[in-house]
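Attaching a predicted model along with its sequence, questions to come.
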Amino acid sequence: MSPAPNLEQIQLQAAALTGAFTGNEAESFAGKHTFINAAAKQDIRKIFAFSQEYAIPGTSACLLVPDWPNARFNHYLKGAQLLKCYPGGSLFPYPLKLVYLPQHKASLSALAQPASPLSMTFPGLAAGFSARIAADSQASHNFVSQTWVNRAGVHVTPLADAVELGDGTASKIVGRCILKIHIGALQDRVDFLVMPQLNSTHDMILGEQYLKGRQCILDYGTQSMIVHKGSRRITVRVTEPNPVPYTADTEDSPPVLLSALQAKRALRKHGDNSFVVLVRDPHADLDPDEIAPTFSSDPKIGEGGV
């Protein structure tokens, strides 16, 4: 048996099989074709990091991973092409495999046309704003309309690419954004591609990217969706009550309570912003509406609290 090649040889083999690399262990894999060495146990997290950006058109990779049939990370390698297997030996004590995840085009069943019959629309919130959120198994990615994004004031990272529509034509992708969505008992962070427009019946779409990632089950009989999030099994229905959106200029909007730790983290991330801090004794049985807010333009938070 010939000795296993070294990592440099494996990378050269990957490049020869799939084309030149535009990035090598890049900080961001978005829009790149890169070689990812996730052979060591401590580097398995790289597979998850890549899966988060693999949804972006133009992104592809060759990954060197342990050849473990029952490994959890295999879930993120669905659709991968096996390029080469390496026996355990001088390189690693366990066998390895080199796989290729090709770039794929974003596709959407329709934009302004009637909604797909294989979709359901749920009332919910996204980034704290009302949103009509559709689940569509015929969409490859998650999409949000530019109109909704502009209305909500959400930050968008520009992205130059296109999506293929159901009629074979193409529509440009404006950019990408990450939103926290809230449908009934479901709360999740979702990566969206921003489109100039969507069907008028919904503001955003959860496509195959999300539905497969969360192993969702769409039940058209009961008009519900089952979402697997970790060990939890969450069911949401199209008849969910409309959640109350947060609007800063509405006096009767429910106050947002932050713990000292949450406020401290927020200040570290957004140090130049000002906060309205609601201080509450966790042991006190008080109505949040009765708590007087404290305003500060230069808030300081210590280790012991606010």
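Now that the structure is in, tell me what you want to look at. Numbers count the residues shown, from 1 in each chain.

Just the pLDDT at residue 148, thanks.
You'll see residue 148 listed with a pLDDT of 93.

Is it located within a helix, as I assumed?
Yes. Residue 148 sits within a helix when classified using DSSP: H, G, I helix; E, B strand; the rest coil.

so who does residue 190 touch?
Residue 190 is in contact with 142, 178-181, 206, 210, counting by Cβ atoms under 8 Å, 6 or more residues apart in numbering. C-beta here means a position set from N, CA and C on the backbone, and glycine is covered the same way.

Just the ones in strands from those residues, please.
Among the contacts of residue 190, DSSP state E puts 178-181, 206 in strands.

Would you reformat the contacts of residue 190 as CSV and include pLDDT and distance to residue 125?
Shown next, in CSV, are these (pLDDT from 0 to 100; distance: Cβ to Cβ, whole Å):
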residue, pLDDT, distance to residue 125
142, 89, 16
178, 91, 15
179, 93, 9
180, 93, 8
181, 95, 7
206, 93, 14
210, 89, 16
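
What strand or helix carries residue 100?
For residue 100, the host element (DSSP states H and E) is strand 96-101.

Given that strand, what are its sheet partners and their directions?
strand 60-66 (antiparallel), strand 81-86 (antiparallel) (DSSP bridges).

Highest mean neighbour count out of the ones you listed?
With neighbours taken as mean count of other Cβ atoms under 10 Å, these reach their highest mean count in strand 60-66, at a mean of 24.

Quick one: mean pLDDT for it?
Averaged over strand 60-66, pLDDT sits at 88.

what does that strand contact?
Contacts to strand 60-66, defined as Cβ under 8 Å, 6+ apart, come from residues 7, 10-11, 14-15, 17-18, 29, 32-39, 41, 44, 46-47, 50, 54, 71, 73, 77, 80, 83, 92, 94-103.

In the protein, where's the longest helix?
Taking DSSP state H as the criterion, the chain has its longest helix at helix 7-18.

between it and strand 96-101, how many degrees?
30 degrees (axes from the mean of the first three to the mean of the last three Cα atoms, to 10 degrees).

Can you spell out which helices and strands pack onto helix 7-18?
Here helix 7-18 touches strand 33-37, strand 60-66, strand 81-86, strand 96-101, going by 3 or more Cβ pairs under 8 Å, 6 or more residues apart in numbering; DSSP states H and E.

how about a markdown table for the ones you listed, with distance to residue 149 added?
Putting those into a markdown table (distance: least, Cβ to Cβ, whole Å) gives the following:
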| stretch | distance to residue 149 |
| --- | --- |
| strand 33-37 | 29 |
| strand 60-66 | 27 |
| strand 81-86 | 35 |
| strand 96-101 | 28 |
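
That'll do, ta.
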